[in-house]
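Asks: fold the following, please.
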Amino acid sequence: MCFQAEALNREALFTDETENFRFPTEPEAGDDVYLRFRTARNNVDYVCYIEDGSSLKEAVMEKTDSDGQFDYYEYKITVGSDKLSYSFKVVKGSEFCYYNRLGATMDNQESFHFRIAPGFSTPDWAKGAVMYQIYVDRFCNGDPANDVVDNEYFYIDQNVEHVSDWSRYPSQMDVGCFYGGDLQGVWDKLDYIQNLGVDVIYFNPIFVSPSNHKYDCQDYDHIDPHYGVIVKDGGEPLKSGATDNRQATKYMVRSTAKENLEASDAFFARFVEEVHRRGMKIILDGVFNHCGSFNKWLDGELLYQMSGDYEAGAYVSEDSPYHTFFKFYKDDAWPCNDSYDGWWGHSTLPKLNYEESPKLYEYIMNIARKWVSPPYNVDGWRLDVAADLGHSSEYNHKFWRDFRSAVKEANPKAIVLAEHYGDPSSWLAGDQWDTVMNYDAFMEPVTWFLTGMEKHSDESNPSLYGDGESFFRSMNYHMSRMMTNSVMVAMNELSNHDHSRFLTRTNRTVGRISTKGAKAASEGVNYGVFREAVLIQMTWPGAPTIYYGDEAGVCGWTDPDNRRTYPWGNENLELIEFHKYMTGLHHRIAALRRGSLKQLLAGRQLIAYGRFCGDSVCAVIVNNRAAERDVQLPVWQLGLADGDTLVRHMLTYETGYNVGKINYEVADGQVSVFMPANSAILLATDRV
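Replies: You can find the predicted model right below:
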């Protein structure tokens, strides 16, 4: 008779960088750090800790604990001031494997190893926080007195327009169309935002700027009076058809008068105080790669020269104190030198010339400090196109190191969060950004799996649609490019101001407003798939971020159609209640904010995963198939034993959702779950 030894149980192997398996999770230089590794009980000969670049190479870990299912091995290290990376080796007889950020593997590439950056921590308040992104002009009009008026000024080939019909779809050339949303409107809706379960408000830019998106900053020092308070009015709008902003005296008074700027700043300080009183935080959008042609340092529209209260802009005079803030290609073109460097060639977006202007560098560092300091006390920055700043990679990284230092010295609990596409690891080494808007490790994998659509609705990929294995491969790879404390605060969005609304993506239709028209964005949408996405968003590691109106059923193609107004009075109330349930569960279940993540199942139109932290254990199943199915979920991998019970807290499906509690008892290490078509379920231990 041939005896075959039990094989190495790779599904039981687990460790990560959460408090379950590394403590402290964010060590300082000189700290002792305890690393923990899990194996199946009595299943391995030994486990080794492997430190990269160390003469130690491999060290056998000590088995310190066991339970009915698992053995636990520990190893203590003392961290110095340098960053370190490490992995593990598991041996059973002649069989072995390595374990790194991608899990059990035979290919132990250093780039996927666990990492420690001594002294690097991300704000505790942001770990798992529910964020709410507001595009201010389209959220709520609380003060009609500060509305942009028709023909107030000329911008990008059109006179600006006040849109009086709040429900009108954005036009294809939307940049100069203003609906009147403002900070007073947000203040008026703080009860709604708070009741939605929001921890953090993230504003698209709110500094003085001529567009409705405000990524073309006119004055970093002040809140736009059109969003704040206009106490001094006057002047005249342009005559219809006029294109010379030297006649735009009304806009000049409103946007440059010190009385309006100071009143708006003071209003904003009071607004932040009220938000903080309610226990919420605020993140501002910082656009520091480029400014706008209206900017007071350039004065491309001569507004500041006309006001008579400002120094000459660099467009106006070669002798301007701001000459070095911009790169000019002609030395003999003043006055009105339009040869400056524009970001991607856009003359309305002059690129800031930091390398040749220490004065500009210090100015922006002061801006970084100013808004996170009293009396404003905002809680962090979201950084627009952060990888583009500067003229070289070396300078870019230097700038963000200095920016981080400036912000953290002024407000140690502030977050530094960047917009970024692609591998962010060189910025997330502990000395620059805290985290990123999570496109690669959240928005894209969720979108491809659930809809087969690209995040702009510009293309479809049927091979990725419903591919559960690809979903986890993509998620695991891109999450490995960040340390876990960056993952835990990453902005996990389904939609935002740059991409189509997720609800529109569920119609699986390629299109834009210019090709399909606005109404088509709402046709053929699948609310069951949308609810699946929200359940993933609220149960995945990171900071779930709701784009205003998503919770109310707003649709839209990509920019500018994604910037529709919030539908006050016409909300999808059922969707709002569903979001409230999900944010409530996200807050109550500790594992969803801080817990480890474990893949459980991956198949066609099927994913399942668990989150666990101490006694808090939960499991998620997503059936994206348009047909029902039975699922056997291996919850033993989460530490649950036969006889334990999981409780259903949420079931979503095509026509709605159900929060009725049903118990699922573990048998043979599994729970058996019936899943309706296009459904998702959240199960959790009753000790949440």
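Asks: run through the stretch 1-150 of the chain and note the low-pLDDT ranges.
Replies: 1-5, 54, 56 (pLDDT under 70).
Asks: repeat that with 50
Replies: Along the stretch 1-150 of the chain, the parts satisfying pLDDT under 50 run over 1-4.
Asks: now this structure, which segments are flagged as low pLDDT?
Replies: In the chain, residues with pLDDT under 50: 1-4, 688.
Asks: apply 80 and report the result again.
Replies: Counting by pLDDT under 80, the chain contains low-confidence ranges at 1-5, 54-57, 686-688.
Asks: helices of the stretch 251-400 of the chain, start to end?
Replies: Secondary structure of the stretch 251-400 of the chain by DSSP state H, counting those that start in this stretch: the helices cover 258-277, 303-307, 358-372, 393-410.
Asks: Ala533 is in what secondary structure piece?
Replies: Counting by DSSP states H and E, the secondary-structure element that holds Ala533 is helix 527-539.
Asks: what's the nearest residue to Val169 if we skip its chain neighbours?
Replies: One correction, residue 169 is Tyr, not Val. Nearest residue to Tyr169 in three dimensions, chain neighbours excluded: Ala518, at 3.9 Å (CB to CB, 6 or more residues apart in numbering). The way it works is simple: take the backbone N, C-alpha and C, and place the C-beta from them, glycine included.
Asks: in contact with the one you found, which residues?
Replies: Contacts for Ala518 were tallied using CB atoms under 8 Å, 6 or more residues apart in numbering; they are 169-170, 556-557, 561.
Asks: which residues touch whichever strand or helix holds Leu450?
Replies: Leu450 belongs to helix 444-451 when elements are defined using DSSP H and E. Contacts to helix 444-451, defined as CB under 8 Å, 6+ apart, come from residues 453-455, 461, 464-468, 470-471, 474-475, 478, 494, 502, 505-506, 508, 529, 532-533, 536-537, 607, 622, 624.
Asks: between that helix and helix 527-539, how big is the angle?
Replies: 150 degrees (axes from the mean of the first three to the mean of the last three CA atoms, to 10 degrees).
Asks: tell me what the helix holding Ala533 is packed against?
Replies: helix 444-451, helix 502-505, helix 573-588, strand 616-623, strand 645-653, strand 679-685 (3 or more CB pairs under 8 Å, 6 or more residues apart in numbering; DSSP states H and E).
Asks: toward the C-terminus, what is the element adjacent to it?
Replies: Next in sequence after helix 527-539, counting helices and strands by DSSP H and E, comes strand 543-547.
Asks: what lines up beside that next one in the sheet?
Replies: As defined by DSSP bridges, the strand partners of strand 543-547 come to strand 131-134 (parallel), strand 491-493 (parallel).
Asks: mean neighbour count, the ones you listed: which tops it?
Replies: Among these, ranked by average contacts under mean count of other CB atoms under 10 Å, first place goes to strand 491-493 (a mean of 27).
Asks: what distance separates that one from the centre of its chain?
Replies: The chain centre lies 4 Å from the centre of strand 491-493; the measure is CA atoms, centre = their mean, to the nearest Å.
Asks: before we move on, the earlier item: so which of the contacts of Ala518 belong to helices?
Replies: With DSSP state H as the criterion, helices contain none of those.
Asks: redo those residues as JSON lines? Include neighbour count.
Replies: Supplementary listing: those in JSON lines, determined by neighbours: other CB atoms under 10 Å:
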{"residue": "Tyr169", "neighbour count": "17"}
{"residue": "Pro170", "neighbour count": "23"}
{"residue": "Gly556", "neighbour count": "27"}
{"residue": "Trp557", "neighbour count": "27"}
{"residue": "Asp561", "neighbour count": "26"}
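Asks: need the strands paired with strand 543-547 in a markdown table with distance to Trp334, can you?
Replies: Below are those laid out as a markdown table (distance: least, CB to CB, whole Å):
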| stretch | distance to Trp334 |
| --- | --- |
| strand 131-134 | 40 |
| strand 491-493 | 43 |
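Asks: still on that earlier bit, which ones among the contacts of Ala518 map onto strands?
Replies: Secondary structure defined by DSSP state E assigns none of the contacts of Ala518 to strands.
Asks: distance of Trp381 from Val287?
Replies: In this structure, Trp381 and Val287 are separated by 10 Å, where distance is defined by CB to CB, to the nearest Å.
Asks: before we move on, back to that, the helix holding Leu450 vs strand 679-685, what angle?
Replies: Relative orientation of helix 444-451 versus strand 679-685 (the same axes, to 10 degrees): 120 degrees.
Asks: next one: helix 444-451 to chain centre, how far?
Replies: 16 Å.
Asks: then stretch 361-379?
Replies: 21 Å.
Asks: renumber starting at 40 from here on
Replies: Right, with 40 as the first residue, what we last looked at is stretch 400-418.
Asks: CSV for the contacts of Ala557, including distance to Tyr112?
Replies: Formatted as CSV, the entries for the contacts of Ala557 read as follows, by distance: CB to CB, whole Å:
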residue, distance to Tyr112
Tyr208, 59
Pro209, 57
Gly595, 51
Trp596, 52
Asp600, 54
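Asks: between the residues you listed, which is closest to Thr103?
Replies: For the contacts of Ala557, the minimum distance to Thr103 (CB to CB) is 53.9 Å, reached by Gly595.
Asks: what residues are up against the closest one?
Replies: 209, 539-540, 543, 557, 560, 601-603.
Asks: the same query, at a cut-off of 7 Å, please.
Replies: When the contact criterion is CB atoms under 7 Å, 6 or more residues apart in numbering, the partners of Gly595 are 539-540, 543, 560, 601, 603.
Asks: how about CSV for those, with neighbour count and distance to Ile403 added?
Replies: CSV is the format used below for those (neighbours: other CB atoms under 10 Å; distance: CB to CB, whole Å):
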residue, neighbour count, distance to Ile403
Ser539, 29, 32
Arg540, 28, 33
Thr543, 30, 36
Ala560, 29, 38
Asn601, 29, 29
Arg603, 22, 33
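Asks: and Pro162, how far is that from Ile322?
Replies: 11 Å.
Asks: with Thr57 instead?
Replies: Counting by CB to CB, the gap from Thr57 to Ile322 is 24 Å.
Asks: what does Arg80 give?
Replies: Separation of Arg80 from Ile322 (CB to CB) stands at 45 Å.
Asks: settle it for me: which of those two has more neighbours?
Replies: Using other CB atoms under 10 Å, the more surrounded residue of Arg80 and Ile322 is Ile322, with 23 against 15.
Asks: run through the bridge partners of the more buried one.
Replies: Counting by DSSP bridges, Ile322 forms beta bridges with Tyr241.
Asks: quick one, phi/psi of the closest residue to Leu645 other than its chain neighbours?
Replies: Nearest residue to Leu645, sequence neighbours excluded (CB to CB, 6+ apart): Gly507, at 5.2 Å. Dihedral pair for Gly507: phi -60, psi -40, per degrees, to the nearest 10.
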